[in-house]
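**Student:** Can you look at this prediction? I've put the sequence above it.
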Amino acid sequence: MPELTKQAIPQRLAHNRALMDKFLKARGIVSQFPPVEQQLESIIVKGLPPGSYNPSIIRHRGKLVMAYRFHETTAKTKLGIAELDENFTVVRNETLNLDEDEGLSLEDAKLFEFKGELWMNFVVSNWPNFPASQVKCVKLYKPDHWRCSDKDLYWLPCRQTMEKNHCPLVHDEVLNIVYRHNWQMDDGVWQVVFTPSDKREMKTPGMRWPYGEIRGGTPPLPYQDRLISFFHSRLNNEMPPVGHRYYMGALLMKSGKEFEMLAVSKRPILRGSEIGGDTSRFHFKPNVVIPYGASEHEGGWLVSVGVNDSQCLLMKVKPENLNL
């Protein structure tokens, strides 16, 4: 096998980078956008394991509950669950025991209510080995501490080696899964929703978003006779060494059997930033903002977001922030 050599940077690009570095340092510029916590009114969630991220908040039976992801000493992550008071202070916190998934990386939980009970979908990954992951669903209950039951690998017609970003959508006490919001197919761009209970597939026209593919989304909430969900996207057009930037927007859907997309934010609500989060964590990743949960709050929403793979924030989003 030939020896791999480092590709030389073109002289023009190296010159421009040097000029840019000089310009930024002279003016004290450290980021293109302010930290996420400063882009809207926000609350930093404290009292969790250091460097926790990707929180999913929900109001269940009158109480605020939040799942989140955290590292111990390896690249694998575990899931925790916390209860917050009305001042958003953590009053109870514990690690979720998901039995046979111990030893695997448990990632990116989304809490939702189904038939009056608290449920969670989450990603099970064998990271950092050969990348493979599946999305599972589990019911949570708390006799003395949080436990799980009814774990299910719900039906999908297209299970894949790498799965993530499934969005649970409960309507008329039926669980649906928003699989993709704007799936580019041979015959156009489509939103695809599956109903596992009767193995049904729904495909309706998707909507484009200039900041990358619409991914994931918070479990939809009712809003003005429609449904609202907050999603993330990513563009890979930033200067090295980072290369990427994440964005958060909102979308509206019909509150009916087809869940057709009606509108999407004209511009981002939040933008990932080079600063913010905990840079001391080995898993710190700049320019990241990802929403995983939302709850109605003071005429708007409390949206839980993960920042730079190292911080949990609660963002206060108002209707005028939706940019619809």
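**Tutor:** Received the coordinates, thanks.
**Student:** Now do the contacts for the closest residue to Pro35 other than its chain neighbours.
**Tutor:** The shortest distance from Pro35 to any non-neighbouring residue, by Cβ to Cβ, 6 or more residues apart in numbering, is to Gly276 (3.2 Å). Bear in mind the C-beta positions are built from the backbone N, C-alpha and C, glycine included. Listed by Cβ atoms under 8 Å, 6 or more residues apart in numbering, the contact partners of Gly276 are 35-37, 307-308, 311.
**Student:** so Gly276, which of the three states?
**Tutor:** Under the three-state scheme (DSSP: H, G, I helix; E, B strand; the rest coil), Gly276 adopts coil.
**Student:** mind checking how far it is from Glu173?
**Tutor:** According to Cβ to Cβ, to the nearest Å, Gly276 and Glu173 sit 39 Å apart.
**Student:** likewise His297?
**Tutor:** Distance of His297 to Glu173, computed by Cβ to Cβ: 25 Å.
**Student:** ok, these two, which is more surrounded?
**Tutor:** Counted by other Cβ atoms under 10 Å, His297 and Glu173 do not tie: His297 has more neighbours, with 16 against 8.
**Student:** Any idea what the more buried one is bridged to?
**Tutor:** Gly300 (DSSP bridges).
**Student:** wouldn't it be in contact with Lys316 here?
**Tutor:** Yes - using Cβ atoms under 8 Å, His297 makes contact with Lys316 at a distance of 6.7 Å.
**Student:** where are the low-confidence patches of the chain?
**Tutor:** Scanning the chain for pLDDT under 70 picks out 1-9, 13, 17, 30, 99-102.
**Student:** Past the longest helix anywhere in it, which element shows up next along the chain?
**Tutor:** Determined from DSSP state H, the single longest helix within the chain is helix 11-27. Sequence order places helix 36-39 as the next helix or strand after helix 11-27, per DSSP states H and E.
**Student:** Name the residues that touch that next one?
**Tutor:** 33, 42, 44, 270-273, 276, 289, 305, 307, 313, 315.
**Student:** give me that answer again for 7 Å
**Tutor:** 44, 270-271, 273, 276, 289, 305, 307, 313 (Cβ atoms under 7 Å, 6 or more residues apart in numbering).
**Student:** again, but for stretch 166-177
**Tutor:** Stretch 166-177 is contacted by residues 110, 112-115, 121, 135, 154, 156, 178-179, 193-197, 216-217, 219-220, 229, 259 when judged by Cβ under 7 Å, 6+ apart.
**Student:** next SSE after the strand or helix carrying Asn93?
**Tutor:** Asn93 is part of strand 90-95, with elements assigned from DSSP H and E. As assigned by DSSP H and E, the chain's next helix or strand after strand 90-95 is strand 105-114.
**Student:** Report the inter-axis angle for that following strand versus strand 90-95.
**Tutor:** 130 degrees (axes from the mean of the first three to the mean of the last three Cα atoms, to 10 degrees).
**Student:** Which strands or helices does strand 105-114 pack on?
**Tutor:** strand 53-60, strand 63-71, strand 77-84, strand 117-125, strand 167-171, strand 289-297 (3 or more Cβ pairs under 7 Å, 6 or more residues apart in numbering; DSSP states H and E).
**Student:** so Glu320, which of the three states?
**Tutor:** Classified using three-state DSSP, Glu320 is helix.
**Student:** And for the one 3 residues further on?
**Tutor:** Of the three states, Asn323 takes coil under three-state DSSP.
**Student:** now it, nearest residue through space, not along the chain?
**Tutor:** Ser265 (4.3 Å).
**Student:** Repeat that for Ser125.
**Tutor:** Ser133 (3.9 Å).
**Student:** Tell me how far the one you found lies from Asn182.
**Tutor:** According to Cβ to Cβ, Ser133 and Asn182 sit 21 Å apart.
**Student:** Neighbour count for these two, which is higher?
**Tutor:** The neighbour comparison of Ser133 against Asn182 (other Cβ under 10 Å) goes to Asn182, with 23 against 19.
**Student:** re earlier: so which of the contacts of Gly276 wins on neighbours?
**Tutor:** Val307 (31 neighbours).
**Student:** can you pull the contacts of it?
**Tutor:** Applying Cβ under 7 Å, 6+ apart, we find Val307 in contact with 36, 53, 276-277, 288-289, 313.
**Student:** change it to 10 Å
**Tutor:** For Val307, the contacting residues are 35-37, 42, 44, 53-55, 246, 270, 272-273, 275-278, 285-290, 313, 315, by Cβ atoms under 10 Å, 6 or more residues apart in numbering.
**Student:** rewinding a little: for the contacts of Gly276, work out which two are farthest apart.
**Tutor:** Glu37 and Asn308 (10.7 Å; Cβ to Cβ).
**Student:** Quickly list what's touching both of the two.
**Tutor:** Listed as contacting both Glu37 and Asn308 by Cβ under 10 Å, 6+ apart are 273, 275-277.
**Student:** Can you go through those and name the buried ones?
**Tutor:** Among the shared contacts of Glu37 and Asn308, the ones that count as buried by 16 or more other Cβ atoms under 10 Å are 273, 275-277.
**Student:** Just give me the closest of the residues you listed to Arg27.
**Tutor:** Nearest member of those to Arg27, counting by Cβ to Cβ, is Ile275, at 15.2 Å.
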